[in-house]
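K.L.:
My questions concern the predicted model and sequence given below.
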Amino acid sequence: MRTNEPRAVVVGGGIGGLTAALALHLRGWQVTVLERARELKPVGAGIALAPNSQRALDIVGLGDEIRALAAWEGDGGLLTPAGRWVSRADPGLATERFGGSLVLLHRATLIDKLAARLPDGIVRTASDARLADPGDPGDLSGRARPARVSTPEGDLEAELVVGADGIHSAVRGALFPEHPGTAYSGFTTWRVLVPALDRPFVQHETWGRGQIWGTHPFADGTVYAYAAAMTPEGGSAPGGDEKAELLRRYGSWHDPIPAILDAAEPGRVLRHDVHHIARPLPAFHRGRVALLGDAAHAMAPTLGQGGNQAIEDAVVLAHHAAPDAPLDLAGYTRARQPRTTMIARKALSLSRLNMTRNRPAIAVRNAAIRAAGLLGPALMLRGMDGIADWRPPQDRPYTAAQAARGGMS
């Protein structure tokens with residue numbers, strides 16, 4: 001390893017943090033990832049990677065490998081709890097409009113593929129990191145004070161620190177102690193994985209009164225299901241039996257929901273309240289520290305863009321971190337803050353639409369969606385314009401050879 005490589009410390013070993021670590025490594029940085037957990041075990045069952053994040057993964061050499069994991073996309077769309085179609089999806093039109101289709105996969109699969117591209121020793125698990133000093137902005141010549149991260153094993157100095165430590169980010173709190181942090185979004189989510197069903201089904205999302213359900217297959221046949229409901233913050237099922245809670249809420253809904261609930265293991269149903277950053281941060285950086293993913297712009301999951309935006313953040317940050325030029329974190333904020341703020345607001349607005357409890361509003365909403373579908377499926381896709389069609393700022397992937405010679409401008 002070259003001794004003149006600039007140093008980067010990534011706090012958090014989730015999808016955004018590992019993507020940033022890989023992108024920076026391929027840019028010629030000496031990277032250390034500090035993950036609090038004892039293993040790289042992601043929270044959550046599945047992630048849907050849209051064309052925008054797939055193009056970001058192209059930059060770190062993983063795009064095609066991820067696309068190869070896509071499940072076959074057949075019929076699908078939006079249903080009522082009784083099983084009546086509200087609208088039907090056309091995957092071919094989405095591919096034509098956005099240059100690709102969704103790839104649904106295990107979060108653990110993506111974590112494993114990112115970690116496998118990193119050199120041994122870069123990721124340190126069971127490492128509780130604390131930002132001790134954000135450092136001074138400036139070039140990478142050593143004339144400006146580096147950032148400093150404290151760990152139980154000692155302090156680490158770096159020319160760049162990346163705060164990728166999630167929705168309750170301690171790095172964010174250290175950078176912007178006056179910011180109120182996250183707010184409860186008004187609903188909680190459940191996620192579950194079950195083995196392949198012995199009956200055919202269509203992938204779908206179902207909108208009820210203050211509740212939604214989604215069913216999607218992975219390429220290996222595993223069925224990923226998620227649910228969300230308007231609930232008071234901090235709730236839990238009686239006795240902690242979240243499967244029983246799902247049966248109470250969704251057991252009478254259309255097939256294959258009862259079959260999925262029947263196959264679910266009681267102790268493996270994940271439940272999490274949803275929080276978002278209601279007031280945007282003043283910036284995504286301070287000193288030599290940059291925030292990404294939920295640490296910077298936690299958002300409701302209703303557009304499926306939380307993880308996608310973290311991946312985008314990572315490659316854009318690396319783009320503004322050429323090892324032989326001044327570190328441009330202000331440029332990173334300018335590139336990312338308006339876009340992620342727009343998407344976060346859109347996601348929150350959609351959650352209020354698809355989980356309304358008002359019966360007349362539900363009738364009007366469903367009628368409007370049906371009418372839009374009659375005007376043409378492409379009309380239904382317009383909501384993702386400016387999101388799924390995003391392209392990274394550079395048009396060529398980084399390579400290991402570039403890391404060896406100091407990156408690419």
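P.N.:
Yep, that arrived.
K.L.:
Okay, buried residues for the helix or strand hosting Arg336 please.
P.N.:
Per DSSP states H and E: Arg336 is located in helix 329-354. Across helix 329-354, burial judged by 16 or more other Cβ atoms under 10 Å covers 329, 331-333, 335-337, 339-340, 343-344, 346-348, 351, 354. Heads up, the C-betas are built off the backbone N, CA and C, glycines and all.
K.L.:
Closest to Ala23 out of the residues you listed?
P.N.:
Looking at the buried residues of helix 329-354 and their distance to Ala23, the nearest is Tyr332, at 12.2 Å (Cβ to Cβ).
K.L.:
tell me the contacts of that closest one?
P.N.:
Tyr332 is in contact with Phe284, His285, Ala290, Val316, Leu317, His320, Ala321, counting by Cβ atoms under 8 Å, 6 or more residues apart in numbering.
K.L.:
how many neighbours does the closest residue to it other than its chain neighbours have?
P.N.:
Of all residues not flanking Tyr332 in the chain, His320 sits nearest, at 4.4 Å (Cβ to Cβ, 6 or more residues apart in numbering). For His320, the neighbour count with other Cβ atoms under 10 Å is 21.
K.L.:
What ranges does the stretch 251-400 of the chain have for its strands?
P.N.:
270-276, 285-286, 289-291 (DSSP state E, counting those that start in this stretch).
K.L.:
Packing partners of the longest one?
P.N.:
Judged by 3 or more Cβ pairs under 8 Å, 6 or more residues apart in numbering; DSSP states H and E, the packing partners of strand 270-276 are strand 183-194, helix 242-250, helix 329-354.
K.L.:
now the second one
P.N.:
With contacts defined as 3+ Cβ pairs under 8 Å, 6+ apart, the packing partners of strand 285-286 are helix 329-354.
K.L.:
Where does pLDDT dip in the stretch 1-150 of the chain?
P.N.:
1-3, 43-44, 72-74, 138-143 (pLDDT under 70).
K.L.:
What are the boundaries of the helices in the stretch 151-300 of the chain?
P.N.:
170-175, 242-250, 257-263, 294-297 (DSSP state H, counting those that start in this stretch).
K.L.:
of all those helices, which gets the most neighbours per residue?
P.N.:
helix 294-297 (a mean of 28; mean count of other Cβ atoms under 10 Å).
K.L.:
can you list the strands of the stretch 251-400 of the chain in JSON lines and add distance to Met230, mean neighbour count and mean pLDDT?
P.N.:
Below are the strands of the stretch 251-400 of the chain laid out as JSON lines (distance: least, Cβ to Cβ, whole Å; neighbours: other Cβ atoms under 10 Å; pLDDT from 0 to 100):
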{"stretch": "strand 270-276", "distance to Met230": "10", "mean neighbour count": "18", "mean pLDDT": "96"}
{"stretch": "strand 285-286", "distance to Met230": "35", "mean neighbour count": "26", "mean pLDDT": "98"}
{"stretch": "strand 289-291", "distance to Met230": "29", "mean neighbour count": "29", "mean pLDDT": "98"}
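K.L.:
Identify whichever of these lies nearest to Gly154.
P.N.:
Here strand 289-291 is closest among the strands of the stretch 251-400 of the chain (Cβ to Cβ), at 19.0 Å.
K.L.:
rewinding a little: quick one, the helix holding Arg336 and strand 270-276 angle?
P.N.:
120 degrees (axes from the mean of the first three to the mean of the last three Cα atoms, to 10 degrees).
K.L.:
Report the distance from helix 329-354 to the chain centre.
P.N.:
13 Å (Cα atoms, centre = their mean, to the nearest Å).
K.L.:
Val31 - that's part of a strand, no?
P.N.:
Yes: using DSSP: H, G, I helix; E, B strand; the rest coil, the assignment for Val31 is a strand.
K.L.:
so who does it touch?
P.N.:
With Cβ under 8 Å, 6+ apart, Val31 has these contacts: Arg7, Ala8, Val9, Val10, Ala21, Leu24, His25, Leu118, Ile122.
K.L.:
and what of Ala263?
P.N.:
Contacts of Ala263 (Cβ under 8 Å, 6+ apart): Val194, Pro195, Leu197, Val223.
K.L.:
which pair in the contacts of Val31 spans the largest distance?
P.N.:
Arg7 and Leu118 (15.2 Å).
K.L.:
Write down the beta-bridge partners of Gly163, one by one.
P.N.:
Here Gly163 sits in beta bridges with Val11, Leu291, going by DSSP bridges.
K.L.:
how close does Val269 get to Arg191?
P.N.:
Distance of Val269 to Arg191, given as Cβ to Cβ, to the nearest Å: 8 Å.
K.L.:
what's the burial count for Pro301?
P.N.:
So Pro301, with other Cβ under 10 Å, has 21 neighbours.
K.L.:
you'd agree it is up against Leu350?
P.N.:
No: using Cβ atoms under 8 Å, Pro301 is not in contact with Leu350, being 10.0 Å away.
K.L.:
Report how many residues lie close to the closest residue to Asp313 other than its chain neighbours.
P.N.:
For Asp313, ignoring the flanking residues on the chain, the nearest one in space by Cβ to Cβ, 6+ apart is Leu292 at 3.7 Å. Using other Cβ under 10 Å, the number of residues around Leu292 comes to 31.
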